[in-house]
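Asks: build me a model from this:
(one chain, ligands or ions: 1)
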Amino acid sequence: MLDLTPKEVMERKALRINPCKTCQPVGALYAALGVRNCMPHSHGSQGCCSYHRSVLSRHFKEPAIAASSSFTEGASVFGGRSNIVTSARNIFDIYNPDIIAVHTTCLSETIGDDLGSYIMDMDVPEGKVVVHTNTPSYVGSHINGFFNMMMGFMNYLTRKEGTPNGKTAVFPGWVNPGDIRELKRIAALMRVPTTFFPDPSGVMDAPMTGRYEMYPEGGTTVDEIRGLGDSEHLIALGEITCIEPAELLKKKWKVDFDLLPLPVGVAYTDQYVMALRRRSMVEVPAQLEMERGQLVDLMLDSHSYTYRRKVAIFGDPDVVIGLTALVLEMGMLPKYVITGTPKEDFARKVRALFELYGVEDCVAKANADLFELHQWIKNEPVDLLIGSSYGKQIARAEDIPFIRAGFPVLDRYGGPLLPIVGYSGSIHLVERITHTLMDRIDRDCADEDLEVVM
Ligand code: SF4
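Replies: Numbering: from 1, shown residues only. The predicted structure is shown next:
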């Protein structure tokens, strides 16, 4: 299992081995699943759509619905206009969504299909909508696809009536439904009326009722997306994922925004809470103060097991930046920090964290892959690896304790329900990190050192 990964690191420009990302339509599909009564639609071959659905279903353990333009040889040569027109008619007739959200694939991008003009010519039923975005997978990653789909919805739907709707829009970025529930709970405690967009909670964490619902009760409604232009303010969480959608809302409808890191750990959650406080002008409630104090207390209690322990973190940029901030607060050394998404801002932000905490000899890299991370670890090992399921082979090859976090986690259950954001989500993370390190001590120590009280 990865035993042949060589130690010698060679400069590679055009080749990714064991990538730390997936393709744009996966992100577009996830964003569309965060809209109420929406049928995501993949404009390309059935194989692409099956892959995108399967990776989301395997992470969330929920059905990820989507339709496909079902390209065959003819559409690949002559274009997919008739495919998408027929698809839309069938989807509205059979599945009756409020909205169809179309994203492209490598194939339809390469042949240059003009989705905008196809949609303009469609016979869309009264009260229904079709929107689209371009998601060429040979650039960017699923994170680009996610924010491109957000902007697709916004370009088609948002408007300004002129009367502020009294709500603060929140762009939560690419997080799990459990995270969105926690972000909403904090906003409710701060008494800020919000519109979360997109909002896959209630969709990708729907409860078992014994009855299949194609469109579960969650998701941002089409009317709520239309109303984003009348928001009082926007809080955009995730500086890499949400900057472009936030700038679009500002450019189109002059909605000012706070662009914040994903609230993982003490300092970043403080920033979210204070941004909400500026909207409501209420004092931070005792509940949140208590959770914050418990998190700090836990970090102090467990400090002797985490201090200066080396950790490698990989995954999506905003989740990785949040995790890096948290482990630095725990006194750990984030030795290697990578994302597969090609956004150079990522490395700059992580290096700024290194500087803030005065840590040296740590590496941050965007557009990186897991092969390179493995080579670094072979040259200088770490005490802990944090990332998606794709880290498990490295963890096994190098015998490193491993914590699954981020996307995708395909080989475990329950993760999408459990938050990593906010003070209480961070408490769960600190508990997992500390216990994973302590389990390793228990596994490796001599019999006479196996303590029951630690
Ligand atoms: S062909 Fe492109 S869109 Fe389809 S699965 Fe592969 S990378 Fe994704």
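Asks: show me which residues of this protein sit near the ligand.
Replies: Contacts of the chain with the ligand, taken as Cβ under 6 Å from any ligand atom, map to 23, 25, 48, 51, 105-106, 137. Backbone N, C-alpha and C define where each C-beta goes, glycine included.
Asks: what's stretch 149-158 in contact with?
Replies: 27-29, 31-32, 35, 101, 103, 129, 131-133, 135, 171, 197-198, 222, 225-226, 228-229, 244-245, 248-249, 252-253 (Cβ atoms under 8 Å, 6 or more residues apart in numbering).
Asks: drop anything exposed from those residues.
Replies: Buried residues within these, counting neighbours by 16 or more other Cβ atoms under 10 Å: 27-29, 31-32, 35, 101, 103, 129, 131-133, 135, 171, 197-198, 222, 225-226, 228-229, 245, 248-249, 252-253.
Asks: quick check: longest helix of the protein.
Replies: What stands out as the longest helix in the chain, according to DSSP state H, is helix 422-444.
Asks: among the contacts of stretch 149-158, name the ones in strands.
Replies: Mapping the contacts of stretch 149-158 onto strands (DSSP state E) picks out 101, 103, 129, 131-133, 171.
Asks: counting by contacts, list what the helix or strand where residue 304 lies packs against.
Replies: Assessed by DSSP states H and E, residue 304 sits inside helix 303-306. When contacts are defined as 3 or more Cβ pairs under 8 Å, 6 or more residues apart in numbering; DSSP states H and E, helix 303-306 packs onto helix 422-444.
Asks: if we can go back for a sec, could you export the longest helix of the chain as CSV, CA atoms only?
Replies: Written as CSV, here are the backbone C-alpha positions of helix 422-444 (Å, rounded to 0.1, in the frame of the first residue of the first chain):
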residue,chain,number,x,y,z
GLY,A,422,-18.4,27.3,16.1
TYR,A,423,-17.2,26.9,19.7
SER,A,424,-19.1,23.6,20.1
GLY,A,425,-17.9,22.2,16.8
SER,A,426,-14.4,23.0,17.7
ILE,A,427,-14.8,21.2,21.1
HIS,A,428,-15.6,18.1,19.1
LEU,A,429,-12.5,18.6,17.0
VAL,A,430,-10.2,19.2,20.0
GLU,A,431,-11.6,16.1,21.6
ARG,A,432,-11.0,14.0,18.5
ILE,A,433,-7.5,15.3,18.0
THR,A,434,-6.4,14.9,21.6
HIS,A,435,-8.0,11.4,21.9
THR,A,436,-6.4,10.2,18.7
LEU,A,437,-3.0,11.3,19.9
MET,A,438,-3.6,9.7,23.3
ASP,A,439,-4.8,6.4,21.8
ARG,A,440,-1.5,6.2,20.0
ILE,A,441,0.4,6.7,23.3
ASP,A,442,-1.7,3.9,24.8
ARG,A,443,-1.0,1.7,21.8
ASP,A,444,2.7,2.2,21.8
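Asks: can you pull the buried residues of that helix?
Replies: Buried residues in helix 422-444, counted by 16+ other Cβ under 10 Å: 422-427, 429-430, 432-434, 436-438, 440.
Asks: ok, now which ones touch the nearest residue to residue 103 once chain neighbours are set aside?
Replies: Ranked by Cβ to Cβ, 6 or more residues apart in numbering and with sequence neighbours excluded, the top spatial neighbour of residue 103 is residue 28, at 3.6 Å. Each residue near residue 28 by Cβ under 8 Å, 6+ apart is listed here: 40, 101, 103, 133, 135, 145-146, 148-149, 152.
Asks: which stretches in this protein count as strands?
Replies: 38-43, 67-68, 99-104, 129-133, 168-171, 194-196, 233-237, 257-260, 310-315, 333-339, 363-365, 384-387, 402-404.
Asks: partners of the fourth one in the sheet?
Replies: Read that as strand 129-133. strand 99-104 (parallel) (DSSP bridges).
Asks: angle of the strand it pairs with against strand 38-43?
Replies: When axes from the mean of the first three to the mean of the last three Cα atoms, to 10 degrees is applied, the directions of strand 99-104 and strand 38-43 differ by 30 degrees.
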